[in-house]
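Enquirer: Got a predicted model here, sequence first, then my questions.
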Amino acid sequence: MLSSLRRFDESEIAKQRLKIIKFYEKYGEKATKEAFGVDRKLIYIWRKRLKKGEGKVSSLIPLSTAPKQVRQMEVHPRVINQIGFLREQHFRLGKEKIKPLLDDYCRKSNLPTIAEPTIGKVIKRNNLFSQRSGRVYHDPASGWAQNKAKRAKRLRVKYSPKHQDFGHIQSDTIQRITDGVREYFYSAIDARLKFTLTLNYKTLNSKNNQDFYWKFKSVYPGTIVDWQTDNGQENQGEFEKQLAKDRIPHFFTYPRCPRINRIIERYQRTFQEEFLDPHLHLIHDKILFNQKLAEYIVFYNTKRVHKTLNLKSPMDCLIDEGLMSKKTVSHTLT
């Protein structure tokens, strides 16, 4: 697309040049210079190119201004050998750490010093890598770098989306340590409808997140359009494969940008203040705790009103939109 836009811009310049040539032929040099700031010499060059191109407008497209002969990096062979020696003796040293050692060698040998980026180029062009280092640094031809290039690019969300329809899900996980016991709460919410589900798990992994996704999908009263998460480990692996299998786009937020996931983040604060903190004393009694949790989720989805829904509950909003019958409300979470 960028290449196409550049060609478009160049063709516009060619059309403008043709317009200036015609203006010059009609009104003369003085008027052309006042109107376009172009003198007679440049117009003659354009006319010559137009004639050589048999009148085609494309012949007036600006030519490349890149030099035909570019400067080549010149490094003394002894400097290259010293870099190779340093890399062999201290194979984990990068260009930043080699720089002061190499400068000292160049001063003692009366050789010109080279810049840090040049050291990196010398390492790459001369393949000055050691197999003893385990992972190869500064090597774009390594298998690790090539595999990284082959990986599918993640779909990213730059700003917090403002959805006008249902089906856009945001999810996140919170951790709570009580009496030395670690607990995880997986949550997901419809960004527009505010329909939500929270479940308690013992561990944080993609398998549990996949299980949570299945359960959310089974109770969600609509169709999931896309799913938005942060970059946590639980949002990859089995969970990501399941979304791909169900053909649901998986959007990731940028690191250290929790505001992009503002809706699920705000829900988690509400969940902690309204349910988790008051019922924390029951967390070791899983049967009773999960029963209270289910009651709260039903209350949140069917009774609790939201300002963003004009003081309606998610289920009332669905009924008003004509997407659900009143009879189905009592069968939401069973």
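Expert: Sure thing, it's come through. Residues are numbered from 1 along each chain as shown.
Enquirer: dump the residue contacts of residue 224.
Expert: Going by C-beta atoms under 8 Å, 6 or more residues apart in numbering, residue 224 touches 167, 169, 217, 246, 248. Just so you know, the C-beta spots here come from the backbone N, C-alpha and C atoms, and that holds for glycine as well.
Enquirer: now the residues you listed in TSV, with pLDDT?
Expert: As requested, these are arranged in TSV below (pLDDT from 0 to 100):
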residue	pLDDT
167	94
169	96
217	96
246	95
248	95
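Enquirer: Can you tell me which of those are buried?
Expert: By neighbour count, with 16 or more other C-beta atoms under 10 Å, the contacts of residue 224 hold 167, 169, 217, 248 as buried.
Enquirer: The residue nearest to residue 52 when sequence neighbours are not counted: what's it in contact with?
Expert: The shortest distance from residue 52 to any non-neighbouring residue, by C-beta to C-beta, 6 or more residues apart in numbering, is to residue 59 (6.7 Å). Residue 59 makes contact with 14, 49, 50, 52, 53, according to C-beta under 8 Å, 6+ apart.
Enquirer: Please identify which helix or strand holds the third one.
Expert: The one in question is residue 50. helix 40-52 (DSSP states H and E).
Enquirer: For that helix, name the packing helices and strands.
Expert: Contacts defined by 3 or more C-beta pairs under 8 Å, 6 or more residues apart in numbering; DSSP states H and E place helix 40-52 against helix 2-27, helix 29-36.
Enquirer: Looking at the last one now, give me its mean pLDDT.
Expert: Across helix 29-36, the average pLDDT comes to 89.
Enquirer: That helix: which residues count as buried?
Expert: Using 16+ other C-beta under 10 Å as the burial criterion, the residues of helix 29-36 that qualify are 32, 36.
Enquirer: Give me the residue ranges of the stretch 101-250 of the chain where confidence is low.
Expert: 130-152 (pLDDT under 70).
Enquirer: My read is that residue 95 contacts residue 123, right?
Expert: Yes - between residue 95 and residue 123 a contact is recorded at 6.7 Å, counting by C-beta atoms under 8 Å.
Enquirer: Tell me which of those two has more neighbours.
Expert: Applying other C-beta atoms under 10 Å to residue 95 and residue 123 shows that residue 123 carries more neighbours, namely 23 against 20.
Enquirer: May I ask which helix or strand encompasses the closest residue to residue 286 other than its chain neighbours?
Expert: Spatial nearest neighbour of residue 286, excluding adjacent residues (C-beta to C-beta, 6+ apart): residue 200 at 7.8 Å. Following DSSP H and E, one finds residue 200 within strand 196-201.
Enquirer: Output the helix or strand that that strand is followed by as PDB, nothing but the C-alphas.
Expert: Toward the C-terminus, strand 196-201 is succeeded by helix 206-219 as the next helix or strand (DSSP H and E). C-alpha atoms of helix 206-219 as PDB (Å, rounded to 0.1, in the frame of the first residue of the first chain):
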ATOM      1  CA  SER A 206      -3.600 -21.400  29.300                       C
ATOM      2  CA  LYS A 207      -5.400 -24.800  29.900                       C
ATOM      3  CA  ASN A 208      -7.400 -23.200  32.700                       C
ATOM      4  CA  ASN A 209      -8.100 -20.200  30.500                       C
ATOM      5  CA  GLN A 210      -9.300 -22.500  27.800                       C
ATOM      6  CA  ASP A 211     -11.700 -24.100  30.300                       C
ATOM      7  CA  PHE A 212     -12.900 -20.700  31.400                       C
ATOM      8  CA  TYR A 213     -13.500 -19.700  27.800                       C
ATOM      9  CA  TRP A 214     -15.700 -22.800  27.200                       C
ATOM     10  CA  LYS A 215     -17.700 -22.000  30.300                       C
ATOM     11  CA  PHE A 216     -18.100 -18.300  29.400                       C
ATOM     12  CA  LYS A 217     -19.200 -19.300  25.900                       C
ATOM     13  CA  SER A 218     -21.800 -21.700  27.200                       C
ATOM     14  CA  VAL A 219     -23.500 -19.000  29.300                       C
END
